[in-house]
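structure for this input, please:
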Amino acid sequence: MKRKLLIRDLTLRDGQQSAFATRMNQSQVDRVLPYYRDANFFAMEVWGGAVPDSVMRFLDENPWDRLKKISQGVEGSSKLTALSRGRNLYGYAPYPDEIIDGFFKHAVSNGLNIMRIFDALNDVDNIKSSIRSIRKYGGTADCAVCYTIDPKYDDPTPAMPRKKSVFGKLFGRKDEIQKPLRKAVFTDDYFLHLAKEMVALGADMITIKDMSGLIPPSRVAALISRFKKELPVPIDFHTHCTPGYGLGSVLSAIVNGVDIVDTNIWYFSGGPAAPAIELVYLFCQKLGIELDINMEAVAKINAELLHIRRELDAFDAVKQFPIPFNPLTDTLPAHVDQLFDDAIVAVKINDEAALLSACHAIESYFNFPLPDEKVKNAEIPGGMYTNMVAQLKQFNALDILDDAMKLIPSVRLDAGLPPLVTPTSQIVGAQAVNSILNLKKGRDKYANASNQFVALVKGEYGKTPIPVDPAFREIITGSSLETPYDTSKYKRQENPLLPEFGNVPLAGNEEEELLLELFPTVAGNYLKKIRAAEFEKQMVNDDLSTSVPQPGTIETEPEQEQEGQVVSSPMPGAVMKIVAREGDVIDKGAILFILESMKMENEIISEYAGKVSKIYAKSGDLVQEGQPIARIMI
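Residues are numbered from 1 along each chain as shown. Modelled structure (predicted):
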């Protein structure tokens with residue numbers, strides 16, 4: 001019987017998140033749903049990840065409505081899947097079981113079929129509650145093993161102290177320094193053991209989640225072969241094309257027996273996203289593998305995606321379009337067709353160099369982006385790299401990017417060698433930037449450890465792949481003891497009454513209350529806008545005419561102050577907390593406010609010493625890059 005390969009389409013979630021900053025609005029999604037109804041994908045990833053946050057933050061849309069409308073639009077023709085981060089779901093701190101259970105209850109009731117559950121530390125204990133809840137409500141638990149690699153130790157600074165003489169001083173004599181770990185940690189046995197633990201907890205399927213695109217085809221072959229041999233559940237393979245392994249690794253997974261692969265549709269594929277379904281279709285045709293996909297419907301989706309991509313030009317991470325191609329109607333030149341045959345031969349004899357050469361030539365012919373050599377050589381996720389660049393731009397210090405990159409292995413090792421996936425990738429990357437800035441200014445490497453880094457070292461995110469050195473933990477947290485997050489002390493977000501909008505509660509139902517729990521700042525601003533609109537409508541209905549305050553906007557600079565220096569936001573985000581107050585006398589480097597951006601808390605510091613003469617923002621405001629936040633009188 002002909003072998004069948006299942007396809008999970010990522011276009012409406014991971015595809016648009018990777019390539020277009022998750023900016024597809026509901027009307028754009030609605031335009032492709034009739035064609036998706038006919039496409040017959042095994043599954044469509046449409047929710048989770050950055051979608052719930054982004055649709056509120058940037059589009060003023062309801063995340064639950066996004067899921068519900070897609071479910072209604074495809075009418076059960078494909079399973080709908082989403083992504084969540086274990087006990088953290090989409091937040092920073094672990095949530096108690098009641099929040100997790102409520103979240104899955106509403107996710108399934110709004111149309112979700114499969115939840116891909118992962119933990120940023122590969123700590124299996126952190127996914128237990130999610131497995132239990134998704135299955136409780138009739139959904140499928142897709143548990144993801146986060147692929148990562150052992151770091152290259154090219155950091156010229158010490159990794160961690162063996163002892164300390166003064167609290168916070170992290171550098172001593174050479175005999176005080178613990179040498180970097182040399183024993184391999186992330187072996188095939190490590191990943192297989194994790195998968196077996198997940199299956200024992202009730203996982204219905206297992207995904208090898210290569211969020212960074214760093215897994216080469218030969219490693220894929222070894223892992224897929226062992227997973228298929230030793231696990232009794234379906235295996236999915238997920239990767240990205242950024243460093244140049246994506247297409248070759250997907251082909252390797254297919255040839256070695258994977259059950260499901262993740263792809264995007266043509267104009268949303270390649271580069272930072274997953275490989276194109278159209279290329280996978282051509283490979284399967286040559287391999288005699290059935291896809292059971294209606295490629296005519298896929299072509300109709302793709303035609304609409306071309307228009308949508310042009311509409312999303314402002315957010316296009318690549319701005320490089322592949323040439324038009326429809327595998328049902330277009331004939332490949334002989335030399336390109338031969339490249340597909342060459343790739344198949346290479347993967348079957350495990351000639352990785354030949355496989356990658358053929359795949360890169362295929363992608364080049366179709367004008368997909370070339371491999372990102374910086375990301376490949378750094379061996380970190382593309383998003384982590386761009387976050388570090390943005391952070392260094394804030395300090396006008398891009399010239400020390402290479403030095404910051406060299407600190408990543410030791411920072412990661414000090415923190416217990418976490419996999420580099422959200423949020424640990426941002427935590428490690430941000431700390432590496434802070435540390436190199438500290439060193440350049442003659443300060444200790446961890447002089448200003450971020451709140452998230454402290455929590456990671458403390459143990460609040462869970463068990464790290466290797467133990468954190470107790471001496472280092474004491475330096476960073478004040479205690480040598482590992483201290484897990486105590487969910488029994490979790491305090492639910494307040495749901496205040498809004499007197500300016502008729503004394504109604506901020507969150508009007510359980511779904512909105514969950515949004516407030518998971519995205520306090522973003523959902524708070526979004527829900528205020530909803531309540532404001534409802535109140536205005538009610539006033540119009542009552543023939544009242546009065547102005548309605550609009551929440552979540554930042555005060556513009558009303559007067560042109562001639563003296564002092566303006567501090568602007570270095571990135572778009574939401575103001576979580578104003579630290580400095582008008583009238584405060586501050587030093588250079590003092591924290592002015594905490595900005596939530598890209599799922600990370602960012603401490604924004606003053607580049608000037610002086611007196612705070614004006615604060616233009618308040619907690620909860622949404623700000624854009626370059627928007628004034630404060631004025632400092634020098």
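
ok, the nearest residue to P369 once chain neighbours are set aside - how many residues close by?
In space, and not counting its chain neighbours, P369 is closest to G271: 3.9 Å by Cβ to Cβ, 6 or more residues apart in numbering. Placement of C-beta: from N, CA and C, glycine included. For G271, the neighbour count with other Cβ atoms under 10 Å is 25.

what do you get for E511?
Residues near E511, counting by other Cβ under 10 Å: 20.

likewise I591?
Taking other Cβ under 10 Å as the criterion, the count of residues near I591 is 14.

the residue nearest to P369 is in contact with A19, isn't it?
Yes: counting by Cβ atoms under 8 Å, G271 touches A19, with 6.5 Å between them.

what touches both of these two?
Both G271 and A19 are contacted by 317-318, under the criterion Cβ atoms under 8 Å, 6 or more residues apart in numbering.

what helix or strand does I208 sit in?
strand 205-209 (DSSP states H and E).

sketch out the low-pLDDT regions of the stretch 451-600 of the chain for me.
Where the stretch 451-600 of the chain drops to pLDDT under 70, the residues are 543-562, 570-573, 596-600.

go again with 80.
Counting by pLDDT under 80, the stretch 451-600 of the chain shows low-confidence ranges at 541-563, 569-574, 576-577, 589, 595-600.

the stretch 51-200 of the chain now?
In the stretch 51-200 of the chain (pLDDT under 80), the answer is 91-93, 152-182.

can we see that at 50?
Residues of the stretch 51-200 of the chain meeting the criterion pLDDT under 50: 158-179.

now the strands for it?
Counting by DSSP state E, counting those that start in this stretch, the stretch 51-200 of the chain has strands at residues 79-84, 114-117, 140-146, 160-161, 177-178.

for I131, find the nearest of those strands.
Go through the strands of the stretch 51-200 of the chain one by one with Cβ to Cβ and the one that ends up closest to I131 is strand 140-146, at 4.5 Å.

within its sheet, name the partner strands of that closest one and how each one runs.
For strand 140-146, the paired strands and their directions (DSSP bridges) are strand 114-117 (parallel), strand 205-209 (parallel).

what does it contact?
Residues contacting strand 140-146 (Cβ under 8 Å, 6+ apart): 79, 81, 113-120, 122, 127, 130-131, 134-135, 191, 194-195, 198-199, 201-209, 211, 236, 238, 419, 421.

could you rerun that using 6 Å?
Applying Cβ atoms under 6 Å, 6 or more residues apart in numbering, the contact partners of strand 140-146 are 114, 116-118, 122, 131, 134-135, 191, 194-195, 198, 203-209, 419, 421.

give the ChimeraX command for selecting the buried subset of those residues.
To isolate the buried members of those in ChimeraX, using 16 or more other Cβ atoms under 10 Å:
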select :114,116,117,118,122,131,134,135,191,194,195,198,203,204,205,206,207,208,209,419,421
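
right, and S435 touches K445 too?
Yes: counting by Cβ atoms under 6 Å, S435 does reach K445; the two are 4.7 Å apart.

possible to save the strands paired with strand 140-146 as JSON lines with distance to K529?
Shown next, in JSON lines, are these (distance: least, Cβ to Cβ, whole Å):
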{"stretch": "strand 114-117", "distance to K529": "29"}
{"stretch": "strand 205-209", "distance to K529": "35"}
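
mind telling me what element the closest residue to G73 other than its chain neighbours is part of?
Excluding the flanking residues, the one nearest G73 by Cβ to Cβ, 6+ apart is L33, at 3.2 Å. Using DSSP H and E, L33 maps to helix 26-39.

show me which positions of that helix end up buried.
Neighbour count says helix 26-39 has 28-29, 32-33, 35-37, 39 buried, by 16+ other Cβ under 10 Å.

tell me which of the residues you listed is nearest to I629?
In terms of Cβ to Cβ, no member of the buried residues of helix 26-39 lies closer to I629 than Q28, at 32.2 Å.

now do the contacts for the closest one.
I308.

now do the contacts for the residue nearest to P369.
G271 touches 241, 318, 369, counting by Cβ under 6 Å, 6+ apart.

look up how far N302 lies from the residue nearest to G73.
In this structure, L33 and N302 are 14 Å apart, going by Cβ to Cβ, to the nearest Å.

got it, and I277?
Remark: distance between I277 and N302 (Cβ to Cβ) = 9 Å.

which residues are in contact with both of those two?
Common neighbours of I277 and N302, counting by Cβ under 6 Å, 6+ apart, are I265.

the two: which has the busier surroundings?
Using other Cβ under 10 Å as the criterion, I277 and N302 rank with I277 on top: 29 against 24.

doesn't D262 make contact with that one?
No: using Cβ under 6 Å, I277 makes no contact with D262, being 9.7 Å away.

now for the two: what residues contact both?
Counting by Cβ under 6 Å, 6+ apart, nothing touches both I277 and D262.

quick check: which helices or strands does the helix ranked longest in the chain pack against?
If you go by DSSP state H, the chain has its longest helix at helix 520-541. Judged by 3 or more Cβ pairs under 6 Å, 6 or more residues apart in numbering; DSSP states H and E, helix 520-541 is in contact with helix 51-57, helix 510-518, strand 573-578.

name the residues of the second one that are buried.
Neighbour-count burial for helix 510-518 flags 511-518 (criterion: 16+ other Cβ under 10 Å).

quick one: which of those is nearest Q338?
Distances from Q338 to the buried residues of helix 510-518, taken by Cβ to Cβ, are shortest for L518, at 50.5 Å.

TSV for the strands of the stretch 51-200 of the chain, including distance to K69?
What follows is those, written out as TSV (distance: least, Cβ to Cβ, whole Å):
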stretch	distance to K69
strand 79-84	11
strand 114-117	18
strand 140-146	21
strand 160-161	50
strand 177-178	54
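
out of these, nearest to A353?
For A353, the closest of the strands of the stretch 51-200 of the chain is strand 140-146, at 26.6 Å, according to Cβ to Cβ.

now the closest one, how far from the centre of its chain.
Distance of strand 140-146 from its chain centroid, counting by Cα atoms, centre = their mean, to the nearest Å, is 16 Å.

what does stretch 263-280 give?
Worked out by Cα atoms, centre = their mean, stretch 263-280 lies 18 Å from the chain centre.

can you give me the end-to-end span of it?
Distance across stretch 263-280, first residue to last, is 8 Å (Cα to Cα, to the nearest Å).

give me the average confidence score over that stretch.
The average pLDDT within stretch 263-280 is 97.

what does stretch 407-424 give?
Stretch 407-424 shows a mean pLDDT of 91.

could you do stretch 619-634 as well?
On average, stretch 619-634 scores 79.

buried set for it?
Buried residues in stretch 619-634, counted by 16+ other Cβ under 10 Å: 620-623, 627-632.

including distance to K69 and secondary structure, could these go into TSV?
Converted to TSV, these look like this (distance: Cβ to Cβ, whole Å; DSSP: H, G, I helix; E, B strand; the rest coil):
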residue	distance to K69	secondary structure
G620	28	coil
D621	29	coil
L622	24	strand
V623	30	strand
Q627	32	coil
P628	38	strand
I629	36	strand
A630	41	strand
R631	44	strand
I632	47	strand
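
from those, which is closest to K348?
Each of these was checked against K348 using Cβ to Cβ; the closest is L622, at 52.6 Å.

pull out the buried positions in stretch 273-288.
Neighbour counts over stretch 273-288 (16+ other Cβ under 10 Å) mark 273-284, 287 as buried.

show the pLDDT at T22.
Looking at T22, its pLDDT reads 92.

check contacts around it.
Contacts of T22 (Cβ under 6 Å, 6+ apart): 16, 50-51, 54.
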